[in-house]
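Starting from these lines, generate the structure:
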Amino acid sequence: MLRAASHLKGMSIAASDGEIGSVQDLYFDDSTWTVRYLVVDTGTWLPGRQVIISPRSLRPTTADDKIPVALSKAQVENSPSIDVDRPVDRQYEEEYSEYYGYPYYWTGPYRWGATPYPGEGPLIEPRATSAMPPSGDPSLRSARNVMGYYIEALDGDIGHVEDFLVDDNEWAIRYMIVDTRNWWPGKKVVVSPEWIKRVSWPDSRVYVDLTKSAIKESPAYDPNRPLERDYEGRLFGYYKRPNYWD
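Down below sits the predicted model:
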């Protein structure tokens, strides 16, 4: 299922013995465009403190306002403290993973290290596009901060990042939703991170390997309807790009 990052914001995180707070942001790594942590504001439970929750602890849900986790409030309270205003380094991630008993996601051939998914799952052949990041410090980005970045096609600007669509199976960012109001008023398009040529983080600009005319003629995206596999198939087929689900 694809979830909009903006819809995840504000959802309650429910531990095994009560709620611990609400989602405020997502941290994703800019190598695989995978959400590694949910940033949670603990509200009045732990005033003034934010914690991060790995998708490894999440449990399936169909609720629109709550995400259950296989953790107790005590586990979260005693987890390694983090300053969300500073970059997350590998040393902290190692301490965090060891505290919860999670395998490292950066050691192994798959998106989540030894497996393709944050939870247990069967091993499959890794995709070439899912290469793991280097073993040094991670490059984790705030989804909230990247919203607003300009998107530039091969022949000019097409708009800015309005939102992300996240696959809640692998927790991969599958698409950026682009608001094209200054170029194509009243329209929105989706662009896969796999079509990115490069990102200039200092300039807040994403460069994609597509032309403006190709984007304009692509299958119409309706932001008011769930993005379904049929549409995805037509989109990848139109751009003649390999899809991510085969």
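
Low-confidence stretches in the protein?
Across the chain, the ranges flagged by pLDDT under 70 are 120-138.

hmm, 90 instead?
Scanning the chain for pLDDT under 90 picks out the ranges 1, 60-65, 84-87, 108, 119-139, 182, 246.

all strands for it, in order.
Assigned by DSSP state E, the chain shows strands spanning 2-4, 12-15, 18-29, 34-41, 50-53, 66-68, 140-142, 150-153, 156-167, 172-179, 188-191, 196-200, 205-208.

Provide a list of residues in contact with the residue nearest to the spatial centre of the chain.
Residue closest to the average C-alpha location in the chain (C-alpha atoms, centre = their mean): Val35, at 3.7 Å. Applying C-beta atoms under 8 Å, 6 or more residues apart in numbering to Val35 gives the contacts Leu26, Tyr27, Phe28, Pro55, Ala143, Val166, Trp171, Ala172, Ile173. For every residue, glycine as well, the C-beta is placed using N, CA and C.

Which single one of these is nearest to Ile158?
Nearest to Ile158 among those, counting by C-beta to C-beta, is Ile173 at 18.2 Å.

quick one: buried residues of stretch 154-172?
Across stretch 154-172, burial judged by 16 or more other C-beta atoms under 10 Å covers 158-168, 170-172.

now it, how far from the chain's geometric center?
Averaging C-alpha positions (C-alpha atoms, centre = their mean, to the nearest Å) puts stretch 154-172 9 Å from its chain's average.

repeat for stretch 22-39
Taking C-alpha atoms, centre = their mean, one finds stretch 22-39 lying 5 Å from the centre of the chain it belongs to.

Equivalent analysis for stretch 188-201, please.
On the basis of C-alpha atoms, centre = their mean, stretch 188-201 sits 13 Å off its chain's mean C-alpha point.

go on, stretch 51-71?
The chain centroid and the centroid of stretch 51-71 are separated by 14 Å under C-alpha atoms, centre = their mean.

Same question for stretch 186-202.
Counting by C-alpha atoms, centre = their mean, stretch 186-202 comes out at 14 Å from the chain centroid.

can you list the residues that contact that stretch?
With contact meaning C-beta under 8 Å, 6+ apart, stretch 186-202 is reached by 30, 33, 129, 141, 149, 151, 158-159, 162, 165, 173-180, 205-210, 215, 218, 221, 223, 227, 235-236, 239, 241, 244.

Test my guess that Tyr100 contacts Ile52.
No: here Tyr100 does not reach Ile52: they are 10.7 Å apart, not a contact under C-beta atoms under 8 Å.
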